[in-house]
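Novice: sequence below, structure please.
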Amino acid sequence: MLVPVKTTHISEIIDNPECYGLTKEYIENAYKKHNEKLRIEGKAREEIMRELVNKGWIRIRYYPKHDSYSIELKRFSNIEKRYLAEWAAKVINYNPIRKYSDLSIGIFSIDTKVNCPLSELIKGKC
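Specialist: Numbering: from 1, shown residues only. So this is what the prediction gives:
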């Protein structure tokens, strides 16, 4: 399921925790634990985002200033590669110039990053 984000990832999660398999209590406790105000992009946000990625969610961000994408996921198996290739094909179909966009994939399970152009992801070369 692709979930569009209108403001920030953490605001979307706070506003719709059930969609992500979380509870408001979990989120509030994470912010309390780190002594942060709700919606602040600090350590609580990092903890919550990591929890979701470890549950299998894939986080995709676009940076227009650099025309680049950042993807965070737990593992980069054939299933995730297929999902991301389908996503990249849709992005490029909508805006063909994006095939040259840079892509950085952070893989939590092995604590590493893979870098390649979006067009290479579609070809399975990342």
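
Novice: which other helices and strands contact the helix or strand harbouring I14?
Specialist: Per DSSP states H and E, I14 falls inside helix 9-15. Under the contact definition 3 or more C-beta pairs under 8 Å, 6 or more residues apart in numbering; DSSP states H and E, helix 9-15 sits against helix 24-33, helix 43-54. Where C-beta positions appear, they are placed from N, C-alpha and C, glycine not excepted.

Novice: now the angle between helix 43-54 and the first one, please.
Specialist: Spelled out, that is helix 24-33. Using axes from the mean of the first three to the mean of the last three C-alpha atoms, to 10 degrees, the direction of helix 24-33 lies 140 degrees away from that of helix 43-54.

Novice: which of the residues in helix 24-33 are buried?
Specialist: By 16 or more other C-beta atoms under 10 Å, the buried positions in helix 24-33 come out as I27, A30, Y31.

Novice: so how far is H9 from the last one?
Specialist: In this case it means Y31. Relative to H9, Y31 is positioned 15 Å away (C-beta to C-beta, to the nearest Å).

Novice: in a strand, that's where I105 is, yeah?
Specialist: Yes: I105: assigned to a strand according to DSSP: H, G, I helix; E, B strand; the rest coil.

Novice: that one contacts V114, doesn't it?
Specialist: Yes: I105 is in contact with V114 according to C-beta atoms under 8 Å; the separation is 4.4 Å.
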